[in-house]
Every structure is written in C-alpha cells, then in structure tokens.
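1. Mind looking at a prediction? Sequence and model below.
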Amino acid sequence: MIISRLICSAIVTCSLSFTVYSQKAKPWTAWSRKEVEKTLNDSAWAQTQSETDTTSMTYSPTVTPTTAARREDSRISDASKVESGATNAPMTIKYRIRFLSAKPVREAFARMVLLAQQKTDDAFTSQLQSFVDRDFSDYIVVAVTIEGTDRRYLGPAAEAFNGATLETLKKNVYLERKDGKRLELMEYRAPSADGMGAKFIFPRTTDGQPFLSGDDTVRFAAEMSEKVKLNTKYKLGDMMYEGKLEY
C-alpha cells in the first residue's frame, strides 16, 4: 500500500512538472486561453484578491411564531432594498494584481490580444513581441485591474484608482521584503484604454543593489481608500522563468 502511494505521488509530481515545463517551453503565441488566464490570475507573478459585500442583500428569514408578526415589515423593507438595487446575491469584486514587469505576464497579455483577433499577420505579432521584449531593467511595475458585476461596488473602487495621484499614494503603497525593508512608490499611472489597469512603478534598485533577489518573498500593499486595500505576497523562488528571476 505504501509503495503504491509513493508511485502515485511520483506520477502526479511528474505530471505537474511536465505541464509547467510544456507551458514555458512553447512560445507564447501558442499558449491556450487557459494558460493565459492561469498566468494572469493565479501564478507566481499574478494573484487575485477577492472582496465580498453582503450589506445590500435581501433576506427571506424562516417564519416562526416570533417572526410572523414582523413579516409584513420585513417585506416592505426588502422591497425598498430591491428598489435601491439590492439582490439576493452578495456583491463580489476581484482585483487582479500582476507584475507587469515580469516577462510571462507580458506574454500572457500579448497572447490574450492575439486570441481576441479574428485575423492576425506577422507585422501585428511582431508589434506584440516588441511589447513582450520591452526593457524593464530599471523598474518594477505592478498592474492592477478590477472585475465585478455590480456597479454600486465597482464605482467606488474605480474612483479610488482613477482619482489617485502619486502624492496621495506615496505613504500607502509599497513593496516590502521579508526583512521588513520597503520600497517606495516612484510613479503612478491611472487605468487607461490598454486594458492592463492601474500601474504602480517602483525603482528596481536601491543603494545600487537590486531590491529583490534570492529565494525570499515580496509583499505588495496599497491602500487606495478606506475600503480599497490590497495586500498580496509572492515567493521569489517561484518566479524563475527561462533561467532567470522575473519580476
């Protein structure tokens, strides 16, 4: 029994390793949509932070002798909530937080653009390749997009990103290493039509040395408003790509 379990474990490990190797070995122009979404939303270079709000939900409480007398009042209250936009589903918003300066993330964005085109040519693919090969040797760029279905929840979040400036964010946005040292925000760009979201730009070096190196962790923290607070952590050991640390 023990030997069988060990064999099964080895097979699973080999299968996972082969899947990762296959994705990295083939060119980004051949990535599947599933591989693109995995890289952009749940990978070593990108994470998703989800926030759920249930304050505007309507409810249908179980009727008991205690609550029966109040049922009519509850119906009136629920009707008022529905008129103001409340639903029986919680409102969820997703923040996609990605290291845009990491090559695999740019490859995934480029492939996403290709997949959206009915026809492409070598010239268009070459333009996307230029984006993939862009030099980020001086900067670390974290890009954040917002996804959700409820405008009441999306609106304030979008306003927080669109109305932010470098001055308002400097004290509340940073990259932090495991040893507690923080990297201050260098530049901020609000969301634009490129579809890659807001961009937080940091210097890649500090005191003449790369801010990130080795098998450590880095945390991205951003307080955009009282309700919009981002906090994600990444393992540098998992961010190796094509033989180098990509971030």
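-> Noted; the coordinates are in hand.
2. Is the spatially most central residue of the chain in a helix, a strand, or coil?
-> Centrality entry for the chain: nearest residue to the mean C-alpha point is Arg96, 1.9 Å, by CA atoms, centre = their mean. Following DSSP: H, G, I helix; E, B strand; the rest coil, we place Arg96 in the strand state.
3. Chain neighbours aside, what residue packs nearest to it?
-> Thr145 (4.6 Å; CB to CB, 6 or more residues apart in numbering). For every residue, glycine as well, the C-beta is placed using N, CA and C.
4. Run a quick neighbour tally on that neighbour.
-> 18 (other CB atoms under 10 Å).
5. Please name the residues that touch Ala221.
-> Residues in contact with Ala221 (CB atoms under 8 Å, 6 or more residues apart in numbering) are 172-176, 229-231.
6. surely Lys178 meets Asp215?
-> No - between Lys178 and Asp215 there is no contact under CB atoms under 8 Å: 10.0 Å.
7. Give the buried residues for the helix or strand where Val142 lies.
-> Using DSSP states H and E, Val142 maps to strand 139-148. With burial defined by 16 or more other CB atoms under 10 Å, the residues of strand 139-148 counted as buried are 139-146, 148.
8. Stretch 240-247 too?
-> 241, 246-247.
9. Among the residues you listed, which lie within strands?
-> Tyr241 (DSSP state E).
10. The residue nearest to Arg96 and Met112: what is the separation?
-> 12 Å (CB to CB, to the nearest Å).
11. Below-threshold pLDDT in the protein: ranges please.
-> Within the chain, the stretches with pLDDT under 70 are 1-24, 54-89.
12. hmm, 50 instead?
-> In the predicted model of the chain, residues 1-23, 58-86 satisfy pLDDT under 50.
13. what domains does the record give for it?
-> Listed domain ranges for the chain are 26-54+90-245, 55-89 (source: automatic domain parsing).
14. First residue to last residue on stretch 167-175, what's the distance there?
-> Stretch 167-175 has an end-to-end distance of 17 Å (CA to CA, to the nearest Å).
15. List the buried residues of that stretch.
-> 169, 173-175.
16. So what touches it?
-> 140, 142, 182-185, 188, 200, 202, 211-212, 218-224.
17. where do the helices sit along this structure?
-> For the chain, helices defined by DSSP state H occupy the ranges 2-25, 33-41, 65-68, 71-83, 103-115, 122-132, 151-162, 166-169.
18. Go through the domains of the chain and pick out the most buried.
-> domain 26-54+90-245 (a mean of 16; mean count of other CB atoms under 10 Å).
19. Compute the first-to-last residue distance for that domain.
-> 19 Å.
20. Determine how far that domain lies from the middle of the whole chain.
-> 6 Å (CA atoms, centre = their mean, to the nearest Å).
21. same question, stretch 240-247
-> Relative to the centre of its chain, stretch 240-247 is centred 19 Å away, using CA atoms, centre = their mean.
22. List of residues touching that stretch?
-> 24, 45, 99, 101-104, 140, 212-213, 218, 234, 236, 239.
23. For Ala123, state which of the residues you listed is nearest.
-> Lys103 (21.8 Å; CB to CB).
24. so who does that closest one touch?
-> Counting by CB under 8 Å, 6+ apart, Lys103 has contacts 132, 241-242, 246.
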